[in-house]
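Colleague: Dropping a prediction and its sequence here:
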Amino acid sequence: MIDTLDQIFVLLKHWIVSFLPGALQPVASVVISVAVIVVLFPLLFALTTVFERKGLGRIQNRIGPNRTGLFGILQPIADGIKSLTKEDIVPSSADAAVHFLAPIVLVVAVFMGFAVLPMGRNMALVDMDAGLLFFFAIGASTELSVFMAGWSSRNKYSLLGAMRAVAQMISYEVPLLMSSVAVVMITGSLSLNKIVEAQNQYTWGLPHWYIFTPWGLAAFLLYATAATAETNRSPFDLPEGESELVAGYHTEYSGFKFALFFLGEYLAMFSISGLGTTLFLGGWSSPLEALGWVPSWFWFFSKMMMSIFVFIWMRGTLPRLRQDQLMNFAWKFVLPLSMLNLFVTALWRFLGEGWERWVFCTAILIVAYVVMGRVEMRAEHFGPRSYRYAE
Amino acid sequence: MLGEGILKGMLETAKNFAGSFVSKERLTTVEYPEERIAPIEAARVFPFLVYDGIEWDAGLRCVACQICEKECPPKCIFIEKSKDKKPDAVGKLQFYPTRFDIDISVCMSCQICVEVCPFEAIKMDNVFELSTDDRFDGLLLDRKQLAKPNAYFHQIHPTEAAAVEAHLAAERAKSDAKSTAAAIASAIKGAERPLPPPPTRGA
């Protein structure tokens, strides 16, 4: 019974596929999985937008949307109808083909990332040996669409926004990868399924999640920081800083194309949260051995939504960074720490079982954090400005 | 230490998030169409015409002097002066506006018409729910729509109305004194010499 509930979606798929002739079955199985992903995540996106708006409202002591339907729950439908019926404006000087392709490329690339995420026991669309590599390769191609959008609009704000976005995404991709490599070093596999399996073990009823180790916690925090920057979320939302750049690279997009960009941004958030969950929070494994009877997909999605909640919480709290602060933070703080973390991970691996590795690894990381926070991130005092005029 | 401020900030927003569900004081939102706050006394929106007595037609204080029309910065007032005269609320013969329109799509609620009016005839209203589906005629208010009783003015702006009332009473007293003085003077003069022909007005 418990197993049936756990595997209910897999069994359902097999049941549907069994009606088809044998030759069609593999294709149909993939098509069904893809369709489920393509429907499920936009639905989650719709729910997230309304909960984000309500949550941000509460953070600012407001009520948030509450007019459409019960407690404003139908707001995304109203938004969707609005964006569908809006005029689709393409600037006359824009490169129409690229302008049209950019949002599609973004959404397609982001959807591809879901292919390797194990959303439950036996619930990864493709069980790839190098799933992590695939995920990052696909994730990197979203930069292309961002730059396509910015370049083809032929608008200085779009271009500046795209430049910022690309610079930021490339800068933060390095620590993002570096912090994930730590997990690969311990697991010894790039397969996301194997990574989850490695964490799905229990001692005294507690799970072996990587976040419960010193290097794992550090890597998780670095990963979360880099992921926030990678998805252009506040406080790293400079590419679309509306006070400076109107809307960044999607300034010249309206109607449904804008909605696609919006969708792409949120889907990227889901997929990167899903990957973070898989790498550090044990993926679909339950947080206590005693809770093992709860379906695995429930754990995956609740962990992912918790990460989304933290994203929203941070958005409601932190102000936007300046460009130089953003770059300094990436190259002077996050990157060195993630490289050091690789060393600490290796140390953890070779110190063997015992208390020593806990003490050494924790001490190294805390000292590094404090020292680098003091030295690299100290506030720079420039003093009063002086002007020298041309003669 | 680095990141302390972030944690402090997150704690603050978490407090807000949880607090807004339990504390009415935190959640200051007034859900407008259902609940509303009483307007403050100095609130002003568009001008209206004050009339004395019961009938708006007879009691309009406006004498169509057209000063407000000339002073209006966005030129949203349109007045047509009457050819004839009729007694106003006090019984004095005056011109009256045959047409007095304010285009509230143009009006900027600057109150200059109120400042310049020598007859206390135009005052600021505080009605703001004037949206309409007809943006041309629906926003062009004629004199019937603009006319509102003096009692209404007292109700929405009591302090200002009291000051206006005092001012009008003083004016009335002054003109009464003047007319009695003139009557006495003419009586004294009349005792000395034969009565002059009665003055003709509006000739």
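Modeller: Noted; the coordinates are in hand. Residues are numbered from 1 along each chain as shown, chains lettered A, B, ... in the order given.

Colleague: how about the residues of chain A near chain B?
Modeller: A:55, A:58-63, A:66, A:313-314, A:316-318, A:333, A:369-370, A:372-374, A:377 (CB under 8 Å from any CB of the partner chain). Any C-beta I mention is one placed from the backbone N, CA and C, and that applies to glycine too.

Colleague: doesn't residue A:162 make contact with residue A:149?
Modeller: Yes. Residue A:149 is in contact with residue A:162 according to CB atoms under 8 Å; the separation is 6.4 Å.

Colleague: Please flag which of the residues of chain A next to chain B sit within strands.
Modeller: Among the residues of chain A next to chain B, none falls in strands (DSSP state E).

Colleague: just the buried members of the residues you listed?
Modeller: Among these, those classed as buried by neighbour count (16 or more other CB atoms under 10 Å in any protein chain shown) are A:55, A:58-59, A:61-62, A:313-314, A:316-318, A:333, A:369, A:372-373.

Colleague: Identify the farthest-apart pair in those.
Modeller: The largest separation in these, counting by CB to CB, is between A:62 and A:372 at 38.1 Å.

Colleague: tell me the domain boundaries of chain B?
Modeller: B:47-156, B:158-193 (automatic domain parsing).

Colleague: could you redo the ones you listed as a markdown table and give each row mean pLDDT, mean neighbour count and distance to chain A?
Modeller: Shown next, in a markdown table, are the domains of chain B (pLDDT from 0 to 100; neighbours: other CB atoms under 10 Å in any protein chain shown; distance: least, CB to the nearest CB, whole Å):
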| stretch | mean pLDDT | mean neighbour count | distance to chain A |
| --- | --- | --- | --- |
| domain B:47-156 | 87 | 16 | 17 |
| domain B:158-193 | 82 | 11 | 34 |
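
Colleague: now for the ones you listed, which one comes closest to residue A:166?
Modeller: domain B:47-156 (45.4 Å).

Colleague: mind checking the end-to-end distance for that closest one?
Modeller: Taking CA to CA, to the nearest Å as the measure, domain B:47-156 stretches 13 Å from start to finish.

Colleague: now, among the buried ones among the residues of chain A next to chain B, which is nearest to residue A:211?
Modeller: residue A:369 (16.3 Å).

Colleague: right, and that closest one touches residue B:4 too?
Modeller: No. Counting by CB under 8 Å, residue A:369 does not reach residue B:4; the two are 11.9 Å apart.

Colleague: Partner strands of the top strand by length along chain B and their direction?
Modeller: Assignment by DSSP E gives strand B:97-103 as the longest strand of chain B. Using DSSP bridges, the strands paired with strand B:97-103 are strand B:77-81 (antiparallel), strand B:140-141 (antiparallel).

Colleague: Give the next helix or strand downstream of the first one.
Modeller: Which is strand B:77-81. Moving toward the C-terminus from strand B:77-81, the next helix or strand (DSSP states H and E) is strand B:86-87.

Colleague: Can you name every helix or strand that that following strand contacts?
Modeller: Contacts defined by 3 or more CB pairs under 8 Å, 6 or more residues apart in numbering or on different chains; DSSP states H and E place strand B:86-87 against strand B:93-94.

Colleague: Show me what the strand it packs on is packed against.
Modeller: strand B:86-87.

Colleague: Residue A:96: neighbour count?
Modeller: Residue A:96: 12 surrounding residues under other CB atoms under 10 Å in any protein chain shown.

Colleague: likewise the one 3 residues further on?
Modeller: Residue A:99 sits with 21 neighbouring residues when counted by other CB under 10 Å.

Colleague: Show the contacting residues for it.
Modeller: A:90, A:91, A:149, A:152, A:153, A:252 (CB atoms under 8 Å, 6 or more residues apart in numbering or on different chains).

Colleague: same thing but at 10 Å, please
Modeller: Residues in contact with residue A:99 (CB atoms under 10 Å, 6 or more residues apart in numbering or on different chains) are A:90, A:91, A:148, A:149, A:151, A:152, A:153, A:154, A:158, A:252, A:253, A:257.

Colleague: Would you indicate which residues of the one helix or strand the last one maps to are buried?
Modeller: It refers to residue A:257. Assigned by DSSP H and E, residue A:257 belongs to helix A:255-280. The neighbour-count check on helix A:255-280 (16+ other CB under 10 Å) flags A:256-280 as buried.

Colleague: Report the mean confidence score over it.
Modeller: Averaging pLDDT along helix A:255-280 gives 90.

Colleague: residue boundaries of the helices in chain B?
Modeller: In chain B, the helices defined using DSSP state H lie at B:4-22, B:56-59, B:67-71, B:112-116, B:143-146, B:150-156, B:158-192.

Colleague: Counting neighbours, what do you get for the closest residue in space to residue A:332 that isn't next to it in sequence?
Modeller: The shortest distance from residue A:332 to any non-neighbouring residue, by CB to CB, 6 or more residues apart in numbering or on different chains, is to residue A:376 (4.3 Å). The tally of other residues near residue A:376 (other CB under 10 Å) stands at 15.
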